[in-house]
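Engineer: coords please:
(chains A and B)
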Amino acid sequence: MKSFLGLLIALVAINTNLYSAEAGMPQLDPTYWASQAFWLILVFTILYIAISKFYLPKIKDNLDNRENKIKEDLDNANIFKEQSEAKAKEYDAILENAKKEVSRIHFDSKNILDKNIQSKKVAMEKEIEKEILKAQKEILDLKKNSISSIQTISGSIVSNIIENILGDKLNESSIKATVDDISKKNINKYL
Amino acid sequence: MQQFTVHRIGPEIKIAGIDLSFTNASLFMVISASIILLFLFLGSKEKKIIPDKIQLITEMFYSFVAKMISDTAGTKAKPFFPFIFSLFMFVLICNMVGMLPYSFTVTSHIIVTLVMALFIFVAVTIIGFLKHGFKYLSIFVPSGVPAVLLPLITIIEIISYLSRPVSLSVRLFANMMAGHTMLKVFGGFVVSLGILGGWLPLSFSVALTGLEILVAFLQAYVFAILTCIYLNDALNLHH
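Structural biologist: Modelled structure (predicted):
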């Protein structure tokens, strides 16, 4: 342990020259002042030129690029937002128009249908009326015709009845006249 | 203090009798600059809209420095952004590289920080005079001061203005040197107290390393923000 420690101290002493050069501050020794100043100016000038001509413009460019890109992206986003809003408005307008169109078409077709139905109804009614009139006329004709038939039939029935009851034949024309007379009295009840 | 010694690497370079040899300090300046350039290269290589980690860190540094400048010096200081950014990155990475064991802390040398501070001082003064002419001297005469106190205040202002490079350079240098010296002292305690008593200074060393990393960042920030403030004084004359 002791020998190891001694070795360590010896090594450190040799390597760092620990116990030598203790006299004063080397900074105040002017031997290499000129050299240091010269090399400092040389190295720093090269460094300054390299930095100011090559690296700083590059870094600045890059930072500006990024800033511009962010700004551009934000602007684009705004433009797209506006565009999408415009599109949404357009869509709403189209929807509104379509709704109006639908209601208009609905209304129109309803009107047309109504008109159609109305005209058909009118035509139908006219036809029905015509038919009715025709039927009434027919009925009237039938009635008128039936009166003479009824008179003939009732005349023959009366002559038959009289013949059967009395066993005698009466004058056809007198019977007819009587039937005509009676039917004339009562015909108004049925016509 | 061996960690602060500067020694020559490679051949001796002498121009007009001045020794400009490549030293370990120069080496670590080159290493720090290379790290910054590599980091920025990787961070700006791909221009992604959604950044990856290294790009994000690069951009964070960029916006951090940009915000610091616009907060302290306003929009007029925009042309000086590359300089402040380079300065901040250089000081920060030099400080951080210095935190690695066996490395060399470039900013722990007064000459290095002094050169930077003097450059900033001279540049700011020139900018001030170019922008405002002789009206720039009104920086030494604050408004709303009683006439009796004015000579005194002006002298104080001049002294404080002239001491800017000293305070700026010594602040960084002293902070870095003190931190590293303290770490070394505690490291020395660990060795001298051995395996039985060394644990306490070792734990201190660990804590101090954390603190030093904070100081390394903080001093780079302070250096950069003080530059911004001096620049603000030169650009926006508001006294």
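Engineer: Can you pull the poorly scored residue ranges out of chain A?
Structural biologist: A:1-23, A:190-191 (pLDDT under 70).
Engineer: where along the chain do the helices fall?
Structural biologist: Assuming you mean chain A. Shown for chain A, the helices assigned by DSSP state H span residues A:2-16, A:33-50, A:56-166, A:172-190.
Engineer: nope, chain B please
Structural biologist: Counting by DSSP H, the helices of chain B are B:24-45, B:53-72, B:81-98, B:110-132, B:150-162, B:164-197, B:199-235.
Engineer: Please identify the most buried of the helices of chain A.
Structural biologist: Of the helices of chain A, the one with the most neighbours on average (mean count of other CB atoms under 10 Å in any protein chain shown) is helix A:33-50, at a mean of 18. (Glycine included, C-beta is placed from N, CA and C.)
Engineer: Mind giving me the packing neighbours of that one?
Structural biologist: Other elements packing on helix A:33-50 under the criterion 3 or more CB pairs under 8 Å, 6 or more residues apart in numbering or on different chains; DSSP states H and E are strand B:18-19, helix B:24-45, helix B:81-98, helix B:110-132.
Engineer: And these: which comes nearest B:T5?
Structural biologist: helix B:24-45 (8.3 Å; CB to CB).
Engineer: could you give the angle of that closest one to helix A:56-166?
Structural biologist: Between helix B:24-45 and helix A:56-166, the angle comes out at 20 degrees (axes from the mean of the first three to the mean of the last three CA atoms, to 10 degrees).
Engineer: now the angle from helix B:24-45 to helix B:81-98?
Structural biologist: Going by the same axes, to 10 degrees, helix B:24-45 makes 120 degrees with helix B:81-98.
Engineer: Helix B:24-45 near chain A anywhere?
Structural biologist: Yes. Contact between helix B:24-45 and chain A, assessed by CB under 8 Å from any CB of the partner chain, occurs at B:A25, B:S26, B:M29, B:V30, B:A33, B:I36, B:L37, B:L40, B:F41, B:G43, B:S44.
Engineer: List buried residues within the residues you listed.
Structural biologist: B:A25, B:S26, B:M29, B:V30, B:A33, B:I36, B:L37, B:L40, B:G43, B:S44 (16 or more other CB atoms under 10 Å in any protein chain shown).
Engineer: Could you look over the helices of chain B and pick the most buried one?
Structural biologist: Buried most deeply of those, by mean count of other CB under 10 Å, is helix B:81-98, with a mean of 23.
Engineer: That one vs helix B:199-235, what angle?
Structural biologist: Using the same axes, to 10 degrees: helix B:81-98 against helix B:199-235 is 170 degrees.
Engineer: Only alpha carbons, please: show helix B:81-98 as CSV.
Structural biologist: What follows is helix B:81-98, C-alpha atoms only, in CSV (Å, rounded to 0.1, in the frame of the first residue of the first chain):
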residue,chain,number,x,y,z
PHE,B,81,-22.7,40.9,-34.7
PRO,B,82,-20.1,38.7,-36.4
PHE,B,83,-17.3,40.2,-34.3
ILE,B,84,-19.1,39.8,-31.0
PHE,B,85,-20.2,36.3,-32.0
SER,B,86,-16.6,35.3,-32.9
LEU,B,87,-15.3,36.9,-29.7
PHE,B,88,-17.8,35.2,-27.5
MET,B,89,-17.3,31.8,-29.1
PHE,B,90,-13.5,32.2,-29.0
VAL,B,91,-13.3,33.1,-25.4
LEU,B,92,-15.9,30.5,-24.4
ILE,B,93,-14.2,27.6,-26.2
CYS,B,94,-10.7,28.7,-25.1
ASN,B,95,-12.0,28.7,-21.5
MET,B,96,-13.7,25.3,-22.0
VAL,B,97,-10.7,23.8,-23.6
GLY,B,98,-8.6,25.0,-20.7
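Engineer: thinking again about what came up before, a markdown table for the helices and strands packed on helix A:33-50, including mean pLDDT?
Structural biologist: Output for these, formatted as a markdown table (pLDDT from 0 to 100):
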| stretch | mean pLDDT |
| --- | --- |
| strand B:18-19 | 78 |
| helix B:24-45 | 88 |
| helix B:81-98 | 91 |
| helix B:110-132 | 90 |
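Engineer: Out of those, which gets nearest to A:Y48?
Structural biologist: Checking the helices and strands packed on helix A:33-50 against A:Y48 by CB to CB gives helix B:81-98 as the closest, at 4.5 Å.
Engineer: what distance separates that closest one from the centre of its chain?
Structural biologist: 7 Å (CA atoms, centre = their mean, to the nearest Å).
Engineer: just checking, what packs against it?
Structural biologist: Checking 3+ CB pairs under 8 Å, 6+ apart, helix B:81-98 ends up next to helix A:33-50, helix A:56-166, helix B:24-45, helix B:53-72, helix B:110-132, helix B:164-197, helix B:199-235.
Engineer: and if we set it to 7 Å?
Structural biologist: Helix B:81-98 sits against helix A:33-50, helix B:24-45, helix B:53-72, helix B:164-197, helix B:199-235, with contacts defined as 3 or more CB pairs under 7 Å, 6 or more residues apart in numbering or on different chains; DSSP states H and E.
Engineer: TSV please, covering these and showing distance to B:Y136.
Structural biologist: Converted to TSV, those look like this (distance: least, CB to CB, whole Å):
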stretch	distance to B:Y136
helix A:33-50	25
helix B:24-45	33
helix B:53-72	19
helix B:164-197	14
helix B:199-235	7
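Engineer: Those residues of chain B touching chain A, which are they?
Structural biologist: B:1-2, B:4-6, B:18-21, B:23, B:25-26, B:29-30, B:33, B:36-37, B:40, B:44, B:47, B:49, B:58-59, B:62, B:82-83, B:85-86, B:90, B:109-112, B:115, B:177, B:188, B:191, B:194-195 (CB under 7 Å from any CB of the partner chain).
Engineer: from the residues of helix B:24-45 next to chain A, which is closest to A:N145?
Structural biologist: For the residues of helix B:24-45 next to chain A, the minimum distance to A:N145 (CB to CB) is 126.0 Å, reached by B:S44.
Engineer: The closest one: what's it in contact with?
Structural biologist: For B:S44, the contact set (CB atoms under 7 Å, 6 or more residues apart in numbering or on different chains) comprises A:Y55, A:K58, A:I59, A:N62, B:T58.
Engineer: how close does it sit to A:F54?
Structural biologist: 8 Å (CB to CB, to the nearest Å).
Engineer: ok, back up a step: quick one, which of the helices of chain A gets closest to B:L162.
Structural biologist: B:L162 lies closest to helix A:33-50 among these, at 20.5 Å (CB to CB).
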